[in-house]
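# Fold the following, please.
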Amino acid sequence: MKLKITLSLFTIGLFVIGCATNPFTGKQTLALVPNSQILPMAFQQYNEFISEHKVVKNTTDAKMVNDVGHKIAAAAEKYLKAHGYSDYLKDYRWEYNLVESPEVNAWCMPGGKIVIYSGILPVTKNEAGLAAVMGHEVAHALANHGQQRMSAGQLQQLGAVAGNIALADNPENQQIFNSAYGLGSSVGVMLPFSRSHESEADKIGLILMAIAGYDPIVAADLWGRMQAQEQGTPPEFLSTHPSSSTRIKNIRSWAPAAKEEARKFGVTSFRK
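Take a look at the predicted model:
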């Protein structure tokens, strides 16, 4: 019983001290793992990745990736400064690299380290399409989604430990709990958590690309092309991402507000 009480108090303590504010939504988010630990790990992993893959240099595509990356980063800095978060990016080390790979993929690590796979360029088609991708990926980093996923994973593990301790005297129920908890926490908690991050990154990404001077409606066109390439995707409730049709619908509804936000920064025309 004493151990159970200790675990409960520890969990409450984690929620009290392990929170951060999302500068785009104003909401409190999980932050059990501090950025002081995350960023050095992210930079190291990024450097290792770059050293093991072919980075495309001095080409038109490489220049486009670099140019769009700078514009998205500048948009993020403008937005955060205007909303009272001038020091939010002080530990960021922006870097934008095009990597030769057939994968239709891109990512941004915490701290602003961005990789675009060459395989995604035929889908993005142009600079605006690339801005939609980079805005989305940068949004993940700015909203600390990696930090939140790590924190949620820790809580998931803690819940499993607490359940097993509580049922230690009943191995049969303990086994039932482990099976149900694994499926329930994944389908009912972790996957929706991941999908909410993707939707949030979509919404923030539209704001960033609009402030950078790109028409956010291009993101809907991009996901239309992505949808055309989908094969055998799982139903949305079993996926880490919203369905493409859901994303397209959301993006079309959010795009006007993103343009309005951009106009506050003097952006009056949007490149397609």
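# that's a strand at residue 116, yeah?
Yes: with DSSP: H, G, I helix; E, B strand; the rest coil as the criterion, residue 116 is part of a strand.
# hang on, isn't it packed against residue 103?
No: with contact taken as C-beta atoms under 8 Å, residue 116 and residue 103 are classed as non-touching, separated by 10.4 Å. (Glycine included, C-beta is placed from N, CA and C.)
# where along the stretch 51-200 of the chain do the strands fall?
Applying DSSP state E, counting those that start in this stretch to the stretch 51-200 of the chain gives strands spanning 55-56, 95-99, 106-109, 113-117.
# For the ones you listed, give me a markdown table that also has mean neighbour count, mean pLDDT and distance to residue 211.
Output for those, formatted as a markdown table (neighbours: other C-beta atoms under 10 Å; pLDDT from 0 to 100; distance: least, C-beta to C-beta, whole Å):
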| stretch | mean neighbour count | mean pLDDT | distance to residue 211 |
| --- | --- | --- | --- |
| strand 55-56 | 14 | 97 | 27 |
| strand 95-99 | 21 | 97 | 17 |
| strand 106-109 | 22 | 88 | 17 |
| strand 113-117 | 23 | 94 | 17 |
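# Same list, those, but as TSV with distance to residue 201 please.
Formatted as TSV, the strands of the stretch 51-200 of the chain follow (distance: least, C-beta to C-beta, whole Å):
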stretch	distance to residue 201
strand 55-56	24
strand 95-99	17
strand 106-109	10
strand 113-117	13
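# how about those, which one is nearest residue 245?
strand 106-109 (21.1 Å; C-beta to C-beta).
# Wait, residue 23 touches residue 81, no?
No: applying C-beta under 8 Å, one finds residue 23 not in contact with residue 81, separated by 10.5 Å.
# Looking at those two, which is more packed in?
residue 23 (17 against 13; other C-beta atoms under 10 Å).
# Not including adjacent chain positions, what is the nearest residue to that one?
Leaving out its chain neighbours, the residue that sits closest to residue 23 by C-beta to C-beta, 6 or more residues apart in numbering is residue 85, at 4.6 Å.
# In the helix or strand hosting residue 252, which residues are buried?
Per DSSP states H and E, residue 252 falls inside helix 244-263. Buried residues in helix 244-263, counted by 16 or more other C-beta atoms under 10 Å: 244, 246, 247, 248, 250, 251, 254, 255, 258, 259, 261, 262.
# Any idea which of these the model trusts least?
Within the buried residues of helix 244-263, pLDDT reaches its minimum at residue 244, with 80.
# And stretch 41-52, what's buried?
By neighbour count on 16+ other C-beta under 10 Å, the buried set for stretch 41-52 is 42, 43, 46, 49.
# Just name the closest of the buried residues of helix 244-263 to residue 219, please.
residue 251 (4.9 Å).
# mind pulling up the phi and psi values for the residue nearest to that closest one when sequence neighbours are not counted?
Spatially, and ignoring its direct neighbours in sequence, residue 251 is nearest to residue 220 (4.4 Å; C-beta to C-beta, 6+ apart). Per-residue torsions, residue 220: phi -70, psi -40 (degrees, to the nearest 10).
# From what I see, residue 220 and residue 253 are in contact.
No: in this structure, residue 220 is not within contact of residue 253 by C-beta under 8 Å, at 9.7 Å.
# Direction-wise, compare the host helix or strand of residue 36 with strand 113-117 and give the angle.
Using DSSP H and E, the element containing residue 36 is helix 35-52. If you take axes from the mean of the first three to the mean of the last three C-alpha atoms, to 10 degrees, helix 35-52 sits at 40 degrees to strand 113-117.
# Taking strand 95-99 as reference, get the angle to helix 35-52.
Using the same axes, to 10 degrees: helix 35-52 against strand 95-99 is 30 degrees.
# Show me the helices in the stretch 1-150 of the chain, by range?
Assigned by DSSP state H, counting those that start in this stretch, the helices in the stretch 1-150 of the chain fall at 2-17, 35-52, 60-82, 121-124, 127-142, 145-166.
# what residue ranges in the chain score low on pLDDT?
Applying pLDDT under 70 to the chain flags the ranges 1-20, 29-33, 35, 145-195, 230-242.
# again, only using 80
Within the chain, the ranges that satisfy pLDDT under 80 run 1-22, 25-38, 145-196, 228-243.
# just to revisit the earlier point, list the contacts of the residue nearest to residue 251.
By C-beta atoms under 8 Å, 6 or more residues apart in numbering, residue 220 lies in contact with 248, 251, 252, 255.
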